[in-house]
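Asker: below: sequence and its predicted model.
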Amino acid sequence: MENLKIKLLTNEQILLSFDRLTRFKFTEDKYLRVFKDVITSNLLYPKFKKQDLDEMNYFDITQLATSIFNYTLGEPKSLEINKKLAEYEKSLFYIDNNTEILLDNKINFEAAISFICDDSPLNLKWLKSLQYSINDSNIRFLHSLKYPLSKVVICEGITEEILLPEFSKMLGYDFDKNGVYTISAGGKNQVVKLFYRLADTLKLPIFILLDKDAQDNCNQIQPKLRTFDKIYLLQSGEFEDIIPRELLEKTLKYATENISNTPINEIESGHTVEFLEDFFKHRGLHEFKKAEFATMVKENLSVNINLSDEIKKVITSISEL
């Protein structure tokens, strides 16, 4: 590792790299991505192409990346944060020998703590807490850090990903305080694929939420379900169908000023999305998009909204996992 010519990392590069290293992603994937990115962008000599790095052993990749980080950050005085990060990744995933090499780095994480501010992502705030935390779960609960994670929720769509944490908080179970990570898989078939991959590598319990029409997918998941996992099949169509009608009405009034009487009572059971698509189309609004609408619903939540019994059952099942 002698005679390297290195370009200093910017503060933005450092924060982005550490953000990616502490997200909930497969350990090997995220470490290799970050390490290879800094090598190709900041190592001036010798110069490596992506193909060269794909053929390089993990030890050399780790050494090169560490040299680049510490050229900017300085040599670490302590490796306590590195050890805690490695222990955390091992508590999440089953780690092979190659991935162990990536985790056994001497990057000066401690020097970058000063770059992390109040509006940083939760995973970076958690990284900052590692310099003094004694009991991670207590720190997580106190500061709503989400990390370290304790369980994972896989759902079909973005509506659930946005609204489940909000509904849960209203019912007294805060996802961020309790380390619950929600993933929108992008459809019922993708839920099955994601669960199969996670079930083989993840040590944490997984809660799977599926729409009513996903019984076949539920049957595909059952043989792979571990003793500490749980699957919940909605009884009322899609997740949008269990959003309280008064909340839908309030959101639609918020979406446009041209509504005096919003015909919420016209929604048939199990057809909320169809109603909303038609509503947006015929009211001259932009195309109905689930993510945008879920965000509007979130903005119109209030403590006096009565959540449906099924929402309460879902949240209770997650909290008991």
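Answerer: Great, that's in hand.
Asker: pLDDT weak spots in the stretch 51-200 of the chain?
Answerer: Applying pLDDT under 70 to the stretch 51-200 of the chain flags no residue at all.
Asker: tell me where it has helices.
Answerer: In the stretch 51-200 of the chain, the helices defined using DSSP state H, counting those that start in this stretch lie at 58-73, 80-92, 97-103, 122-129, 136-143, 158-170, 175-178, 188-201.
Asker: tell me which of those helices sits nearest to Glu110.
Answerer: helix 80-92 (5.6 Å; CB to CB). C-betas here are computed from N, CA, C, even on glycine.
Asker: which residues are in contact with the closest one?
Answerer: Helix 80-92 has contacts (CB atoms under 8 Å, 6 or more residues apart in numbering) with 21-22, 24, 27, 76, 95, 99, 103-107, 109-110, 127, 130-131, 136, 148-149, 202-204.
Asker: same check, this time on stretch 9-28
Answerer: The contact list for stretch 9-28, computed with CB under 8 Å, 6+ apart, reads 30-31, 33-34, 37-38, 41-42, 68-69, 71-73, 85, 89, 92-93, 95-96, 98-99, 102-103, 109, 112, 115-116, 120-121, 123-124, 126-127, 147, 149, 152, 181, 201.
Asker: break this structure into its domains for me.
Answerer: Domain segmentation of the chain under automatic domain parsing yields 5-122, 151-239+309-320, 243-299.
Asker: off-centre distance for stretch 204-221?
Answerer: Chain-centre distance of stretch 204-221: 19 Å, with CA atoms, centre = their mean, to the nearest Å.
Asker: which parts of that stretch are buried?
Answerer: Buried residues in stretch 204-221, counted by 16 or more other CB atoms under 10 Å: 204-211, 214, 217-218, 220-221.
Asker: can I get these in CSV including secondary structure and pLDDT?
Answerer: Below are those laid out as CSV (DSSP: H, G, I helix; E, B strand; the rest coil; pLDDT from 0 to 100):
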residue, secondary structure, pLDDT
Leu204, coil, 98
Pro205, coil, 98
Ile206, strand, 98
Phe207, strand, 98
Ile208, strand, 98
Leu209, strand, 98
Leu210, strand, 97
Asp211, coil, 95
Ala214, coil, 95
Asn217, helix, 96
Cys218, helix, 96
Gln220, helix, 97
Ile221, helix, 97
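Asker: widest-spaced pair of those?
Answerer: Taking CB to CB, no two of the buried residues of stretch 204-221 sit farther apart than Leu204 and Asp211, at 23.6 Å.
Asker: so what's the residue nearest to Asp241 when sequence neighbours are not counted up against?
Answerer: Leaving aside its sequence neighbours, Asp241 sits nearest to Thr272 (CB to CB, 6 or more residues apart in numbering; 4.7 Å). By CB under 8 Å, 6+ apart, the residues touching Thr272 are Gly237, Glu238, Glu240, Asp241, Ile243, Leu248.
Asker: mind doing that once more with 7 Å?
Answerer: Glu238, Glu240, Asp241 (CB atoms under 7 Å, 6 or more residues apart in numbering).
Asker: please apply the same query to Glu110.
Answerer: Counting by CB under 7 Å, 6+ apart, Glu110 makes contact with Pro76, Ser78, Ile81, Gln131.
Asker: check Leu204 too.
Answerer: Leu92, Leu149, Ser150, Lys151, Val152.
Asker: ok, Tyr88 - how many residues close by?
Answerer: Residue neighbour count, defined by other CB atoms under 10 Å, stands at 19 for Tyr88.
Asker: try Phe141
Answerer: 15.
Asker: my guess is it contacts Asp176. True?
Answerer: No. Counting by CB atoms under 7 Å, Phe141 does not reach Asp176; the two are 9.0 Å apart.
Asker: which parts of this protein are strands?
Answerer: 5-6, 43-45, 151-155, 180-184, 206-210, 230-233 (DSSP state E).
Asker: any chance of those in TSV, plus distance to Lys253?
Answerer: Output for the strands of the chain, formatted as TSV (distance: least, CB to CB, whole Å):
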stretch	distance to Lys253
strand 5-6	57
strand 43-45	56
strand 151-155	27
strand 180-184	27
strand 206-210	28
strand 230-233	31
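Asker: out of these, nearest to Ala294?
Answerer: Comparing the strands of the chain by CB to CB, strand 180-184 comes nearest, at 10.2 Å.
Asker: please name every helix or strand in contact with the closest one.
Answerer: strand 151-155, helix 158-170 (3 or more CB pairs under 7 Å, 6 or more residues apart in numbering; DSSP states H and E).
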